[in-house]
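>>> Build me a model from this:
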Amino acid sequence: VAFPTFDPNAQPHGVTSILIRSGGTQRSIPAPGQGATVIGWYGPGARTVVYTAGIGSNGLRESTLMAVTVSEDGRQVGEPSELNIPGLGTVTGRAYTVPGSGPVVWQPTAPNGTKGRLVRVGADLTTADIVDLPPGQPLFVTASVIGLGSIENDRIQLASTSTGAATGSFTTCEHPNYQVAVSYDGSHVALSCGDGSVQLVNLGGPANPRLPVVPDAAGRGGFVGLWFDPAGGLHAA
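The predicted model follows:
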């Protein structure tokens, strides 16, 4: 098991670490920046945990991917290093966890992040496919589609993660995307709205209902979490 933790008392501005529990012990791996997140376990035997380096001093959401490997018996943890893919090198961008896939990373290719490409890293961490995408910044990624949008437009463009071709679009609610959640099977995405409601989008069909307003969830920061459970239930905090 691997998960991030933040020590607000560490100098100078707090420190994020990745905690790894294996072989009956727990180890702490310092992360280079704040806000580091775990992407998943990959490589031979799924013993290499990949995580983001965290948001740097420049405030950009793009982050270099890091990796550290646990021994087969779980007793030892290797030295963390930047994830390096043969023929591609290190991988930097906005990373997403996609079930059944290796890390999926969006990389900006135009100024101000108005356009980008998708780097789909193999689960063995030795190969990667690169797909050019339509304009827009990433909001969510599934095994088949990526949602792209901008603060200037209330339309979300859907594009294929394998070809980059546009596959559809939908209109978002007012002030969306404070929190985004994708169902385990990749069929639905939920976006929190500024009025305290949640927009539930069926990615495979026209259904796009607004769920009832959640008490005390209106306004910026009202939602602190949005997630699906394995049975398909949608939850908000």
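
>>> who's in contact with stretch 165-179?
Contact with stretch 165-179 is made by 134, 139, 145, 149, 154-160, 191-195, 197, 199, 201, 208, 210, 220-226, 236, as judged by Cβ atoms under 8 Å, 6 or more residues apart in numbering. Heads up, the C-betas are built off the backbone N, CA and C, glycines and all.

>>> where does this protein have low pLDDT?
For the chain, applying pLDDT under 70 flags the ranges 55-60, 151, 175-177, 207, 220-221.

>>> Quick check: the residue nearest to the spatial centre of the chain vs Ala31, distance?
Nearest to the geometric centre of the chain sits Tyr96, at 3.0 Å (Cα atoms, centre = their mean). From Tyr96 across to Ala31, the span is 18 Å (Cβ to Cβ, to the nearest Å).

>>> circling back to that earlier point, strands - which of the contacts of stretch 165-179 land there?
134, 139, 145, 149, 154-160, 191-192, 199, 201, 210, 226, 236 (DSSP state E).

>>> List buried residues within these.
For those, a neighbour count by 16 or more other Cβ atoms under 10 Å gives the buried set as 139, 145, 149, 156-159, 191-192, 199, 201, 226, 236.

>>> Which single one of these is nearest to Gly43?
Taking Cβ to Cβ as the measure, Gly43 lies nearest Val145 of these, at 26.2 Å.

>>> need the contact list for the closest one.
Leu158, Ala159, Ser160, Thr161, Thr167, Leu203.

>>> Is it bridged to anything, and to what?
Legend: beta-bridge partners of Val145 under DSSP bridges are Ser160.

>>> Distance check, it against Ala166.
In terms of Cβ to Cβ, Val145 sits 10 Å off from Ala166.

>>> Relative to Leu158, how far out is His147?
Careful, residue 147 is Gly and not His. 6 Å.

>>> Likewise for Gly205?
For Gly205 relative to Leu158 (Cβ to Cβ), the value is 12 Å.

>>> dump the residue contacts of the residue lying closest to Asp124 once chain neighbours are set aside.
Closest residue in space to Asp124, ignoring its immediate chain neighbours: Gly43 at 6.3 Å, by Cβ to Cβ, 6 or more residues apart in numbering. By Cβ under 8 Å, 6+ apart, the contact list for Gly43 reads Ala67, Thr69, Ala123, Asp124, Leu125.

>>> which of the residues you listed lies closest to Ile85?
Distance to Ile85, by Cβ to Cβ, is smallest for Leu125 among those, at 6.9 Å.

>>> Next, the contact list for the closest one, please.
Counting by Cβ under 8 Å, 6+ apart, Leu125 touches Tyr42, Gly43, Thr48, Val50, Ala67, Leu83, Ile85, Gly102.

>>> Just give the number of residues close to Gly45.
By other Cβ atoms under 10 Å, 11 other residues sit near Gly45.
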